[in-house]
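Chemist: have a look at this fold, sequence not included:
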């Protein structure tokens with residue numbers, strides 16, 4: 001059963017949650033990359049880089065909103081622990097989760113983008129786009145596509161230009 005999108009009381013609450021999850025997400029994917037290795041690890045390292053770039057793009061939005069982020073060292077430690085735990089479930093389970101459950105994040109991020117001040121919507125579109133790239137990767141990987149990492153690299157290329 002696919003994961004349902006969460007609902008937030010406010011834009012600020014949703015942005016704080018999203019940014020904190022992106023911070024922990026970098027070490028989540030990096031830990032899995034180290035544990036799994038191979039081509040799968042290469043994909044996970046790209047995802048860790050995507051999380052880092054998304055944090056970079058969202059940080060000014062959070063600052064303008066006056067959002068204070070939890071201790072980043074704690075968030076990173078939590079992400080690493082969760083990544084190592086998830087890696088034990090195996091690659092196939094992880095790709096299934098990305099393919100079937102990560103759509104809930106897209107729904108949350110679309111709401112967040114639409115609730116944002118107009119000046120911040122372009123940056124919040126990157127939050128949406130990074131999740132879509134991971135889902136596209138998962139579908140391509142499961143389908144045996146020629147270059148399943150192409151959506152991940154394309155996102156990183158676009159983000160680097162901002």
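Modeler: Everything's here; your move. Given the structure is predicted, the values throughout are model-derived calculations rather than measurements.
Chemist: which parts of the chain are helices?
Modeler: In the chain, the helices defined using DSSP state H lie at 11-36, 38-65, 72-87, 91-101, 103-115, 121-143, 150-160.
Chemist: dump those into JSON lines; add distance to residue 5 as well.
Modeler: All C-beta atoms are positioned from the backbone trio N, CA, C, and that covers glycine. Output for those, formatted as JSON lines (distance: least, CB to CB, whole Å):
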{"stretch": "helix 11-36", "distance to residue 5": "11"}
{"stretch": "helix 38-65", "distance to residue 5": "18"}
{"stretch": "helix 72-87", "distance to residue 5": "20"}
{"stretch": "helix 91-101", "distance to residue 5": "10"}
{"stretch": "helix 103-115", "distance to residue 5": "4"}
{"stretch": "helix 121-143", "distance to residue 5": "11"}
{"stretch": "helix 150-160", "distance to residue 5": "21"}
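Chemist: winner for burial among the ones you listed?
Modeler: Greatest average neighbour count among the helices of the chain goes to helix 11-36 (a mean of 21), per mean count of other CB atoms under 10 Å.
Chemist: returning to what we had before: mean pLDDT added to the helices of the chain, as CSV?
Modeler: Output for these, formatted as CSV (pLDDT from 0 to 100):
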stretch, mean pLDDT
helix 11-36, 98
helix 38-65, 98
helix 72-87, 98
helix 91-101, 97
helix 103-115, 98
helix 121-143, 98
helix 150-160, 98
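Chemist: out of these, which gets nearest to residue 4?
Modeler: Closest of those to residue 4 is helix 103-115, at 5.9 Å (criterion: CB to CB).
Chemist: what residues does the closest one touch?
Modeler: 2-6, 8, 11, 14-15, 18, 121, 124-125, 127-128, 131-132, 135 (CB atoms under 8 Å, 6 or more residues apart in numbering).
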